[in-house]
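*Asks:* Need coordinates for the below:
(chains A, B, C and D)
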2 protein chains.
Amino acid sequence: MDAAQEQPEHATRRGDTRARIQQVALELFAEHGYERTSLREIAERLGVTKAALYYHFKSKEDIVRSFTEDYFGRIDALIARGKEQSPGTATAQELLARYIAIVMESGEVFRFLERNQATIHGTEDGKHRFTQFRPRLAALIEVITGPGASPRVRIRAGAAIFAVSTSCMFFSKDAPEADLDAVLPVLPSKDELREIVLELATDLVKN
Amino acid sequence: MDAAQEQPEHATRRGDTRARIQQVALELFAEHGYERTSLREIAERLGVTKAALYYHFKSKEDIVRSFTEDYFGRIDALIARGKEQSPGTATAQELLARYIAIVMESGEVFRFLERNQATIHGTEDGKHRFTQFRPRLAALIEVITGPGASPRVRIRAGAAIFAVSTSCMFFSKDAPEADLDAVLPVLPSKDELREIVLELATDLVKN
DNA sequence: GTCTATAGACGGATAGAC
DNA sequence: GTCTATCCGTCTATAGAC
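*Replies:* Numbers count the residues shown, from 1 in each chain, chains lettered A, B, ... in the order given. You can find the predicted model right below:
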């Protein structure tokens, strides 16, 4: 994760308080939901008070932004990279592979975004919302299919992204409190999962 | 959009406050999120007061249950039906087709469930089962793949369900306020969408 | 950097009149 | 069936001491 070294020296020596806040907040936001998790709850779990939180973050939403901006930065970089390449099966395959890597690496952040879509979409703050997945999805599809693709091809590309995202999240070994046993008696390793998911996404994109 | 205000002449405009509450609540819950939508907001949009809502529903959660129980009933029926059939490609295909139909028919409800996962998961009522998507997913996968399938086959079946669900929701013509134009310049009809999605799901399941 | 204390707002829910 | 009025809890955020 990003260690948030955006602060002056005096504030973050070895300062893991900020990082611990992020960690606990992300965990609770993803598990119980953004609105159902109060700052009091986060503070209590860390053994500090609410006011301490406000020393490190200017608001509740600011905590969210602190761990989502890194994720969105990666996606944007992926899109930019894709635009520089010539469309084709090889490019699409590489894009998908990189996308899978991003999703798997930022597992908890992705889980948070997935499970709090309505909340995130609802933040109409105007200023800076920690924001939208929608325009990025459009760009990803365009970059995978190339311009002027048919509805069928576009939908399949979208489905590939959806399938990849949700599968990586759901079948991940380090999913917290998953009733995974019921659906997958034997868990695949991270590499096995990556391979299976990439194969399935490729099937969707290449036809 | 504002279907609660102006309805077609043959629709039962008068005397069905309960249905109008459901409709408006579902719309707002799906769009802005369950917690970010207050009963006051729902009441205001209907031109009534909060207290009136409590005549028709015993709590906020009760409104949710009123429009989710039908959806889950259908899924459960689908699972039960699947269990009675012998596993095989034909069965899987039929199951997928029926699942797609369910998702497409209950579009707004599904959107609500999708976009409020964290909230829904957070309500540990225990007594009300509308919380659990997880065990149903496990059952669906089992019924599609048959018993004792490999991790790869199970993950592909899961991915098929994920892809179908999200695609039907996202690429649906009557998606409210979707920036769909950006990703799909020409929109498929409901039948075309169904066909495309079924084909893609089949590709995932049969290999 | 962390604390205590509190402001200020808004939420869900209920009582009882009509 | 719908209203007015209100209770009580919780929340985010801030002020200011140490």
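*Asks:* Dead centre of chain A: give me the residue that sits there.
*Replies:* residue A:110 (2.6 Å; Cα atoms, centre = their mean).
*Asks:* does the helix or strand hosting it come close to chain B?
*Replies:* Assigned by DSSP states H and E, residue A:110 belongs to helix A:107-115. Yes: against chain B, helix A:107-115 shows contacts by Cβ under 8 Å from any Cβ of the partner chain at A:112, A:114, A:115. From N, CA and C alone the C-beta is placed, and that goes for glycine too.
*Asks:* for that helix, packing partners?
*Replies:* Counting contacts by 3 or more Cβ pairs under 8 Å, 6 or more residues apart in numbering or on different chains; DSSP states H and E, helix A:107-115 is packed against helix A:17-32, helix A:60-84, helix A:151-170, helix B:117-122.
*Asks:* Nearest to residue B:201, out of the ones you listed?
*Replies:* Taking Cβ to Cβ, helix A:151-170 is the member of the helices and strands packed on helix A:107-115 nearest to residue B:201, at 8.5 Å.
*Asks:* ok, is stretch A:164-181 in contact with chain B or not?
*Replies:* Yes: applying Cβ under 8 Å from any Cβ, one finds stretch A:164-181 in contact with chain B at A:164, A:166, A:167, A:170, A:171, A:178, A:179.
*Asks:* which one of these is nearest DNA strand C?
*Replies:* residue A:179 (27.4 Å; Cβ to the nearest atom of the strand).
*Asks:* hmm, stretch A:31-46 in reach of DNA strand D?
*Replies:* Yes: residues of stretch A:31-46 contacting DNA strand D under Cβ under 7 Å from any atom of the strand: A:37, A:38, A:39, A:40, A:41.
*Asks:* quick one: is stretch A:59-71 near DNA strand D?
*Replies:* Yes: counting by Cβ under 7 Å from any atom of the strand, DNA strand D is contacted by stretch A:59-71 at A:59, A:60, A:61.
*Asks:* which parts of that stretch are buried?
*Replies:* A:60, A:61, A:63, A:64, A:65, A:66, A:67, A:68, A:71 (16 or more other Cβ atoms under 10 Å in any protein chain shown).
*Asks:* Residue A:39 is in contact with the first one, correct?
*Replies:* Yes: using Cβ atoms under 8 Å, residue A:60 and residue A:39 qualify as a contacting pair, with a distance of 6.1 Å.
*Asks:* shaky segments in chain A?
*Replies:* Low-confidence segments of chain A (pLDDT under 70): A:1-14, A:123-131, A:176-178.
*Asks:* Domain parsing of it, as residue ranges.
*Replies:* Structural domains annotated on chain A: A:12-57, A:68-206, as defined by automatic domain parsing.
*Asks:* picking that back up, report the contact partners of the residue nearest to the centre of chain A.
*Replies:* A:71, A:103, A:165, A:168, A:169 (Cβ atoms under 8 Å, 6 or more residues apart in numbering or on different chains).
*Asks:* Adding distance to residue A:190 as columns, could you present these in JSON lines?
*Replies:* Below are the contacts of residue A:110 laid out as JSON lines (distance: Cβ to Cβ, whole Å):
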{"residue": "A:71", "distance to residue A:190": "18"}
{"residue": "A:103", "distance to residue A:190": "12"}
{"residue": "A:165", "distance to residue A:190": "16"}
{"residue": "A:168", "distance to residue A:190": "10"}
{"residue": "A:169", "distance to residue A:190": "13"}
